[in-house]
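Novice: Sequence and predicted structure below; questions after.
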Amino acid sequence: MKINKFCQSCGMPMTKDPENGGTEKNGSKSQKYCSYCYRDGEFLSSEIKTVKEMQNFCIEKMKEQKMPGFVAWIFTRSIPKLERWR
């Protein structure tokens, strides 16, 4: 199974995930998704249905962490290319 460097939902580097990945239904670690996006085989943010909603969500989270909005916007440009959104 391919190990991804970035969460295939939000684009966060997997090395930044404190839980080292989300979990599948059987309890094993997900190789695709971070623990902020995925647990027990399901996506956690049911209100996020489109790639644009995910980009906006991520931009707001990064701004909360004092990242300039323009830089946060740049970091989210690759989200549409991630596996969840293709």
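Specialist: Sure, I can see it. Just so it is clear, the model here is predicted, and its values are computed rather than measured.
Novice: And the residue lying farthest from the centre of the chain, which helix or strand is it part of?
Specialist: Within the chain, the residue lying farthest from the chain centre (Cα atoms, centre = their mean) is Asn26, at 20.6 Å. Per DSSP states H and E, Asn26 falls between elements, in no helix or strand.
Novice: tell me the pLDDT at it?
Specialist: If you check Asn26, the pLDDT there is 97.
Novice: Repeat that for Met1.
Specialist: pLDDT at Met1 comes out at 60.
Novice: Over to the one 4 residues further on?
Specialist: Lys5 carries a pLDDT score of 94 in this model.
Novice: out of everything not next to it in sequence, what's closest to it?
Specialist: Met14 (6.1 Å; Cβ to Cβ, 6 or more residues apart in numbering). C-beta: built from backbone N, CA, C; applies to glycine.
Novice: again, but for Cys37
Specialist: Closest to Cys37 by Cβ to Cβ, 6+ apart is Ser9, at 4.1 Å.
Novice: Next one: Gln8 relative to Trp73, how far apart?
Specialist: 20 Å (Cβ to Cβ, to the nearest Å).
Novice: And the two? Which one has more around it.
Specialist: Higher neighbour count among Gln8 and Trp73: Gln8, with 22 against 16, using other Cβ atoms under 10 Å.
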